[in-house]
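A.B. asks: my questions are about this predicted structure, shown below with the sequence.
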Amino acid sequence: MIKRDYFLKKAEENTPPLFFEKIFPKSEKTIFLKGDSVLLDLGNHYVGHFSFDLDVVDDFFSAPVKVSIRFGEDMREIHDDHSQYRGTLSSSWLQEETFVLDHPQRFQLPRRYSCRYVQITVLETRRKTYLGNFVFTASSSANLSRLAPILTKDEELKEIDRVSCYTLKECMQSVFEDGPKRDRRLWTGDLRLEALANYHTFQNDALVRRCLYLLAAGDTNELGFLPSFIYETPRFYNGSSFLIDYALLFVVTLCDYYENTKDLQTVRDLLPVCKEQLNSFYRILDEDGVVAPQKGWYFFIDWCPGLRGRTALQGVYLYTLKRFVRLLYALDDKEKDFYEKEWADRKRISKDRLFNEEEGIFLNDADDGQRSVHSQVWMILGEALRGDEAKDALKKTMNQKDVLQPFTPYMRHYILEAMFLLGMKEEAVAYMKEIWGAMIRSGADTFYEVFVPGDPDFSPYKDRMINSLCHAWSCTPCYFIRKYLT
Ligand code: RAM
């Protein structure tokens, strides 16, 4: 059997069952005339299908009934004027649909939605019209009974943990999705963080396994890197982005997976794919031993506008080597020494070439003299910088003017990871409260795709309406809290 078929078969075998929950929102209105509308509140964020009854009241419909239904992850999305949408992503992600219904019926909308609020507007009808028996059938592949109660006494952390777990649950469907509103698909960078949180919460190891096989089934690009996302419904299709940090994080995800499951078979199947990712990176080093710039969108790191990312990307490579060496030792793989030496050499070379001794931070011409938190964090995680020197570099850059700061909870996760690595527990707790706590204080039911304190309208896609308000990569406080703080 060719490799892709085998990987897809393994992915298929690990398809998770979905758990369903029915929500019956109360409606203050059931009889509608043209132009009437009602707002339903599900009481929390849910992902699933919506249905209702349409019926006559005192006379049969003399013409079809036209309804518009809008789903909002928060109330702003209910009030947004979609005609003003100017974002870079397709407006078809905006959750609003119009239907023309000919007869009385129970109507189930064909698509799945991600929302807390549902607004129904009758755009056209010539008779009194009944709309009622509203049901939202929510789905998730997270088994809530596996979630252990949390032991911390800190009420704010408890609340942050609750919303984190809930965010993860919403994104767990037939794959670990990035966001159930948008893009509703499996991305490697999101998967890595969801899988980490999952080991400490819902423990659906089969779902991680499925996602690893799905990504491994992808066709690599001309440099040998895996696609950063794939489509799986109704059939497998290769994603068209090849972000190098995400390709490396595939390797890290397998390392995490092994440490948490000890599933040797999956690791043996996917080890060659991992080696290919690292070897591909090695091939794109320049004469100084630093990753050479590539064509197009070749790294992600964060949605921070204008970010130069070669130092951070080099750090991701070091971090991946560190983790991979640990895995190879556990497997007693014959190439462990080779990768260990590469990690040691590359750390030294990276520090010599990219670190600015005078300022005590990573600052260099490879990134056009740009100062960023991102560079420090990834070099700390890769251990090119350690101990007090590492702490200083973080302190000199975090929350400093003229230094680029993270824009996504994804990048903020890696700040927390660096803080825990450096033993900065108190700072990490304060940071969780400052960022994730602030999202809750601003009314979040689930954690967001992007969060910039003081700038609620920021969007990497040039229009806030398209942002995802339930985004998997923001779910990891539950991982940190449960692993390090209880
Ligand atoms: C966005 C997605 C996803 C992320 C990529 C890089 O389109 O929301 O979460 O992994 O960008």
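C.D. replies: Cool, the structure landed. Note that the structure is a prediction, hence the values are computed from the model and not measured. Numbers count the residues shown, from 1 in each chain.
A.B. asks: and the residue nearest to residue 326 when sequence neighbours are not counted, how far from the ligand?
C.D. replies: Spatially, and ignoring its direct neighbours in sequence, residue 326 is nearest to residue 255 (6.7 Å; Cβ to Cβ, 6 or more residues apart in numbering). Every residue, glycine included, has its C-beta placed from N, CA and C. Going from residue 255 to the ligand by Cβ to the nearest ligand atom, to the nearest Å gives 19 Å.
A.B. asks: what average pLDDT does the helix or strand containing residue 255 get?
C.D. replies: Secondary structure assignment for residue 255, by DSSP states H and E: helix 244-261. The pLDDT scores in helix 244-261 average 99.
A.B. asks: picking that back up, now do the contacts for the residue nearest to residue 326.
C.D. replies: Counting by Cβ atoms under 8 Å, 6 or more residues apart in numbering, residue 255 touches 323-324, 326-327.
A.B. asks: now that we have those residues, which one has the most neighbours?
C.D. replies: With neighbours defined as other Cβ atoms under 10 Å, the most crowded of the contacts of residue 255 is residue 324; it has 27 neighbours.
A.B. asks: so that residue: helix, strand or coil?
C.D. replies: Under DSSP: H, G, I helix; E, B strand; the rest coil, the three-state class of residue 324 is helix.
A.B. asks: confidence score at the closest residue to residue 453 other than its chain neighbours?
C.D. replies: Spatial nearest neighbour of residue 453, excluding adjacent residues (Cβ to Cβ, 6+ apart): residue 438 at 5.7 Å. With respect to pLDDT, residue 438 has a value of 98.
A.B. asks: wait, doesn't residue 438 sit right on residue 451?
C.D. replies: Yes - assessed by Cβ atoms under 8 Å, residue 438 is found in contact with residue 451 at 7.5 Å.
A.B. asks: what sits against the residue of the stretch 1-150 of the chain found nearest the ligand?
C.D. replies: Relative to the ligand, the nearest point of the stretch 1-150 of the chain is residue 89 (7.8 Å; Cβ to the nearest ligand atom). Contact analysis of residue 89 by Cβ under 8 Å, 6+ apart lists 182, 461, 466.
A.B. asks: my read: the first one touches residue 469, true?
C.D. replies: No - taking Cβ under 8 Å as the contact criterion, residue 182 and residue 469 are not neighbours in contact, 10.0 Å apart.
A.B. asks: more neighbours, those two?
C.D. replies: Per other Cβ under 10 Å, whichever of residue 182 and residue 469 has more neighbours is residue 469, with 28 against 23.
A.B. asks: shouldn't the more buried one be within a helix?
C.D. replies: No - if the criterion is three-state DSSP, then residue 469 is coil and not within a helix.
A.B. asks: how about it, nearest residue that isn't a chain neighbour?
C.D. replies: Once flanking residues are discounted, residue 469 sits nearest to residue 73: 3.8 Å by Cβ to Cβ, 6+ apart.
A.B. asks: so how far is residue 386 from that neighbour?
C.D. replies: In this view, residue 73 and residue 386 are 41 Å apart by Cβ to Cβ, to the nearest Å.
A.B. asks: neighbour count winner among the two?
C.D. replies: Between residue 73 and residue 386, residue 73 has the larger neighbour count (other Cβ under 10 Å), namely 26 against 13.
A.B. asks: next up, the contacts around the more buried one.
C.D. replies: 45, 114-116, 181, 445-446, 468-470.
A.B. asks: from those, which land in strands?
C.D. replies: 45, 114-116 (DSSP state E).
A.B. asks: now the contacts of residue 73 in TSV, with distance to residue 315 and pLDDT?
C.D. replies: Shown next, in TSV, are these (distance: Cβ to Cβ, whole Å; pLDDT from 0 to 100):
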residue	distance to residue 315	pLDDT
45	34	98
114	33	98
115	38	99
116	38	98
181	31	98
445	34	98
446	29	98
468	26	98
469	30	98
470	29	98
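A.B. asks: only alpha carbons, please: show stretch 276-290 as CSV.
C.D. replies: Taking Å, rounded to 0.1, in the frame of the first residue of the first chain, the C-alpha atoms of stretch 276-290 are listed here in CSV:
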residue,chain,number,x,y,z
GLU,A,276,12.4,14.8,6.4
GLN,A,277,11.2,18.0,8.0
LEU,A,278,14.4,18.6,9.9
ASN,A,279,16.6,17.6,7.0
SER,A,280,14.7,20.0,4.8
PHE,A,281,15.4,22.8,7.2
TYR,A,282,19.0,21.9,7.3
ARG,A,283,19.1,22.3,3.5
ILE,A,284,17.9,25.9,3.6
LEU,A,285,20.6,27.2,5.9
ASP,A,286,22.7,30.0,4.4
GLU,A,287,26.5,30.1,4.5
ASP,A,288,26.4,31.5,8.1
GLY,A,289,24.2,28.6,9.2
VAL,A,290,21.1,30.7,9.6
